[in-house]
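structure for the following, please:
(2 chains)
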Amino acid sequence: MTIKSICSLLAVLALSSLPTLAADPEKAVVQIFTFAQEADWDEPWKFGQLRRSSGTGFIIKGRRIMTNAHVVSWARQLMVKRYQDPRPYLARVVFVAHDCDLALLEVEDSLFYDGVEPLEFGPLPKVRSTVVTYGYPAGGEQISYTRGVVSRIELQTYAHIGNRSLLGVQTDAAINPGNSGGPVIQDDKVIGVAFQGMPGLENAGFFIPAPVINHFLDDIKDGKYDGFPSAGIRTAPLQNAAYRRKLKLPDNDKGVRVDSVVPGTPAEKVLRPDDVILQVGKHEVGSDGTIIYDGNRMAMAMAVQEAQHGQSMALKIWRDGKEQSIALPVEVSGTDKVLGNQYDTPPRYFVYAGLVFTPISLDYLKTFGRGWSDTAGAELTYELFYRRQESPKTVRIEPIVLSTVLADGVNANFRTRGRALVDKINGIRIERLEDVIRAFESPSNGQHVVEFLPKNTFECIERESADKANAQILKTYGIPKDRRL
Amino acid sequence: MHDRYTTSSRRPSRPALLNPSSLILHPFALALALLLLCQRAPAAPAFDWESSLVYLEVTRKAYEVFQPWTPKSRTVQKNGLITGAREILTTAEELSDRTLVRVQRGGRGKWWDAEVVWLDYHANLAVLTAKEDEFWRGLKPAAFITGKLPNEGLQIVRWRSGNLEARKAEFNQFLVEDARLSFFQHLQLEASTEMQAVGWAEPLVANGKVAGLATGQGGNNARFLPASFIEPILAARKAGKYPGLGFFPFTWTPVENPSTFKFLKLPGDPRGALVVEVPATPKVEPNLKPRDLILQVDGFDVDNQGYYKDPDYGQLIVENLGSRRKFAGEIVKMKIWRDGAQMNLDYRLPKLDYSVKLLAEQTFDQAPEFLIAGGLVLQPLNIPLLRGFGEDWKRRAPFRLAHYAGGPPSAERSGLVVLTSVLPDPYVVGYQDARFLVLDTVNGQKISCLADVQAALEKPQDGFHTIEFQRGDNLRRIVLDAAQMDAATKRILERYRIPAASHIAVKP
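A predicted model of the protein is given here:
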């Protein structure tokens, strides 16, 4: 018996024991072929090699295809194929949500939707209940089905963005590369979207559950995607009897302490350290900072993530020995973006006389290689991740680095060849990329002076020769435009 | 202090010597080794090094970094050189926290008690003596090469398995690099050799004189403290006029960019080292300023790479002039270019002191400080503590802790104290996962050292101790019951078998 026939047999056996479905869900499950080109964060006018990959998606109401954001990131062209249909259809991204790793696509050709019943969404499944995944994982051409149980439900780090934890469901149903974006089905309904595994964990795959999917679908109703908001606070468990006594709280298991408030967030106006959060919305908060959500104990952040950007959460807090009710506005953090993995929007840059300026971001730091946070990138790492916490008054809106120096006679004597944090140019403090342009355009004594941190080194360049060399350098290095703002 | 961008800081790694008691050689292997040794060793040195080279055994305390109340014992062997009447010179490395030093002559036989009579960790030099007259019988001092290093005939000499081993060495270069035990840079000699595990004060010799003492080895290249670095220090010490080494605490950078010289309004050829950073400590008056160009130091012209031509050693970086036959407190005469004009500056060399940095580079001869307060294990944040994360601590230590290294102390904080762990107990329930957090205040008092913590714990507020950590992406505050702390500490010490709640050095 060939491997192919073994697989077919397994599929048949698996199918025979699947829960009964009203329709054939596989008809709505599509294979997605992505041709993508990622940005180059070190030489930001460039793009990497064209990369081909495949994933899974499924047709939902409104003639849309739902899949993972990571299946379609940096896509130059998307093609989808229906179940048992040899014809490829061109698709385009309508909405993408990188924080929750979801995307919606559409196919212009109306033939594509003929005879397909869109899949509907179900609720959050129960732990230990059975689910079936549908997808096109690596290792074969045909659709694959795997069955498993829901192992646990809690907040998980979403690997695609890297710096957000949202509700995730762990299952022992096999979820492999190519499964991404495929539906996880229970009782005829989609109760999740397969999206990631975890190295080192056997028989563990993860899917994005209904509450996250519904949040995404609600978010885009106004025509744009905002994202999942944060409370703007850091909390600490309140389990030490002495601390509870100091705050005049009963020694029980209720309430989590606000340890600090993130500078620049709306929380600064309504919360302060040592407030104790007793309830968020309808959820009571335990002393370890968890709530009960649909029978599952999980981090309080889940309650915040139910709200949309700009909404307010009703909170019960304990302050000065009394219970109070407040409304906490929640917003999507603007700084989260540069601290996580970024997609689809190539980096901003400005090139002048071969000096390449670009904002610091996690993606930029990763170009340093595996040890990016040690010696070479330590100052930049501090600037990006720690300064805003430790000395918010000195934070720059968008710290800028001289990422590289494109060798030319005009800059050949520069000692600083790149990876240097820019402090000032011609005396102007650089808060964001636009300041770099303004500084070079501002009057100077025939020279430009670029100052760097943290060692206060500086470089000078003759203005006249720099202006003259600029166009030729762009041409030599094949840079189509001197800036992307 | 040299700009880190301008030189690679290569510190040769050196394999630790084995304690002979743990080294068991098969008799046949030993015979074979001796045979090979006889075949490979060059002709015996003309000078009788047996009467000038002695073998040292140092037993010292070492500590578990994160359980500093647990001392261990460590024994190493190294070489000593007779340099004067009843004087044995060796490197200072591994002499800290010593409990027993013994010396052996002839590479075998009786061990004699020895004691350290002088030691300078920054210079990595120590002088020892032995009390008993019999030990000194027949031993004679070796002399240093004070002039030019001979082109040929260099050897490294050491005691090994009871025999004097001499191997050829070839001079590579003089260079100015990081000191072995300090944060300044000074003249070093590099020679290549096939001898392995070099770095235990083996003398580099030629024509019966000493050219240097070995401090380390990387591959086949061994590093030595050159005689010209050692000899003035020993002479000054002998004369009772050794104030310690001085150094250049400022950071400079080479300048290759003609446009920068134009900006600085320096006429003529490009020259001078550009000062970019001048730390507030140590205090130097008058001092350099950022954007000064150092044009000349003690009569030596400094080029735009920061090098000067040393009459004895060729091209060296200007850093060397902070320790070239000069000591702390002495004047180094500089010609500098400042604000478009040349001026003279009498730069008084500050003394090397591990405490000029926010995180002390070394903590020799003092048991690691710690304080256990109700299960909170508090320790000073210093480089020895960071080394507890491994040789590559810059990568392995928590980023925020490692990032404090190299920073200067501030007016409000001369040092840092870190909560390294919490010993679980009902008293600290809720805090058991807190670790590697730097203290900001205790009961409202700013914390720079463990003594500050002790003092602050004397002043609880409304029956509570409030401990605040420095701002960051971490826990900011914990509160403990002040009345119960002493009882909890006592209970925790018993449970975890810790002999004392603290070891805090008395500050002078």
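
surely B:Trp69 is in contact with B:Ala501?
No - when contacts are counted by C-beta atoms under 8 Å, B:Trp69 is not listed as touching B:Ala501 (9.3 Å). (Glycine included, C-beta is placed from N, CA and C.)

more neighbours, those two?
Higher neighbour count among B:Trp69 and B:Ala501: B:Trp69, with 20 against 16, using other C-beta atoms under 10 Å in any protein chain shown.

for whichever residue of the stretch 301-450 of chain A sits closest to chain B, what is the enclosing helix or strand?
Closest residue of the stretch 301-450 of chain A to chain B, C-beta to the nearest C-beta: A:Asn413 (4.0 Å). Per DSSP states H and E, A:Asn413 falls between elements, in no helix or strand.

who does the lengthiest strand in chain A pair up with?
When chain A is scanned for its longest strand (criterion: DSSP state E), the result is strand A:144-157. According to DSSP bridges, strand A:144-157 forms sheet pairs with strand A:130-135 (antiparallel), strand A:165-171 (antiparallel).

just put those strands in TSV and tack on mean neighbour count.
TSV is the format used below for those (neighbours: other C-beta atoms under 10 Å in any protein chain shown):
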stretch	mean neighbour count
strand A:130-135	23
strand A:165-171	23
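
where exactly do the helices run in chain A?
A:3-16, A:69-72, A:210-219, A:241-246, A:267-270, A:301-305, A:336-339, A:362-366, A:378-381, A:387-390, A:433-441, A:463-476 (DSSP state H).

distance between the last one and the chain's centre?
So that's helix A:463-476. With C-alpha atoms, centre = their mean, to the nearest Å as the basis, helix A:463-476 stands 38 Å off its chain's centre.

got phi/psi on the residue of the stretch 101-250 of chain B found nearest chain A?
Here the residue of the stretch 101-250 of chain B nearest chain A is B:Phe250; by C-beta to the nearest C-beta that distance is 11.1 Å. Main-chain dihedrals, B:Phe250, degrees, to the nearest 10: phi -80, psi 160.

list the contacts for it?
Contacts for B:Phe250 (C-beta atoms under 8 Å, 6 or more residues apart in numbering or on different chains) come out as B:1, B:275, B:277-279, B:288.

what do you get for B:Glu152?
B:Ala206.

same thing with the one 10 residues further on?
By C-beta under 8 Å, 6+ apart, the contact list for B:Gly162 reads B:107-108.

just the pLDDT at it, thanks.
Note on B:Gly162: pLDDT of 87.

and what of the one 5 residues further on?
At B:Arg167 the predicted local distance difference test score is 95.

same question for A:Val285.
A:Val285 is assigned a predicted lDDT (pLDDT) of 98.

you'd agree it is up against A:Ile277?
Yes - shown here, A:Val285 and A:Ile277 form a contact pair, counting by C-beta under 8 Å, at 5.1 Å.

now do the shared contacts for these two.
Shared contacts of A:Val285 and A:Ile277, defined by C-beta under 8 Å, 6+ apart, comprise A:255-256, A:300.

and those, which of them are in strands?
Members of the shared contacts of A:Val285 and A:Ile277 lying in strands (criterion: DSSP E): A:Val256.

following the top strand by length along chain B, which helix or strand comes up?
Using DSSP E, we find that the single longest strand of chain B is strand B:67-84. For strand B:67-84, the following helix or strand on the C-terminal side (DSSP H and E) is strand B:87-90.

so what strands line up beside that next one?
Counting by DSSP bridges, strand B:87-90 is paired with strand B:67-84 (antiparallel), strand B:125-129 (antiparallel).

buried stuff in the next helix or strand after the last one?
It refers to strand B:125-129. Note on strand B:125-129: by DSSP H and E, the next helix or strand toward the C-terminus is helix B:133-136. Across helix B:133-136, burial judged by 16 or more other C-beta atoms under 10 Å in any protein chain shown covers B:135-136.

is it fair to say B:Ala402 lies in a helix?
Yes - counting by DSSP: H, G, I helix; E, B strand; the rest coil, B:Ala402 is part of a helix.

now do the longest strand of chain A: distance to the chain's middle.
Here the centre of strand A:144-157 is set off from its chain's centre by 21 Å, with C-alpha atoms, centre = their mean.

state the mean pLDDT of it.
Averaging pLDDT along strand A:144-157 yields 95.

orientation of that strand relative to helix A:210-219 in degrees?
80 degrees (axes from the mean of the first three to the mean of the last three C-alpha atoms, to 10 degrees).

tell me which residues in strand A:144-157 are buried?
Using 16+ other C-beta under 10 Å as the test for burial, strand A:144-157 gives A:144-148, A:150-151, A:153-156.

what score does the closest residue to the residue of the stretch 301-450 of chain A closest to chain B other than its chain neighbours have for pLDDT?
Distances taken as C-beta to C-beta, 6 or more residues apart in numbering or on different chains put B:Asn257 closest to A:Asn413, at 4.0 Å, once the chain neighbours are dropped. The model reports B:Asn257 with a pLDDT of 92.

quick check: the gap between the closest residue to B:Leu352 other than its chain neighbours and B:Glu115.
Closest residue in space to B:Leu352, ignoring its immediate chain neighbours: B:His122 at 4.3 Å, by C-beta to C-beta, 6+ apart. B:His122 sits 21 Å away from B:Glu115 when distances are taken as C-beta to C-beta, to the nearest Å.

then A:Pro454?
The spacing between A:Pro454 and B:Glu115, counted by C-beta to C-beta, is 45 Å.

rewinding a little: quick check on B:His122 and B:Glu115: which one has the bigger neighbour count.
Higher neighbour count among B:His122 and B:Glu115: B:His122, with 25 against 11, using other C-beta under 10 Å.

ok, now which ones touch A:His309?
Here A:His309 is in contact with A:219, A:226-227, A:229, A:330-332 (criterion: C-beta under 8 Å, 6+ apart).

next step: those residues restricted to strands.
Using DSSP E, the subset of those located in strands is empty.

near chain B, which residues of the stretch 251-400 of chain A are found?
Contact residues, the stretch 251-400 of chain A versus chain B (C-beta under 8 Å from any C-beta of the partner chain): A:259-260, A:273-274, A:371, A:373-375, A:378, A:381-382, A:385-386, A:389-391.

lowest-confidence member of the residues you listed, which is it?
A:Thr375 (58).

list the contacts for residue 455?
Using chain A. Neighbouring residues of A:Lys455 by C-beta under 8 Å, 6+ apart: B:3, B:251, B:253, B:276-277.

my bad, chain B
Contact analysis of B:Ala455 by C-beta under 8 Å, 6+ apart lists B:Gln445.

thank you, goodbye.
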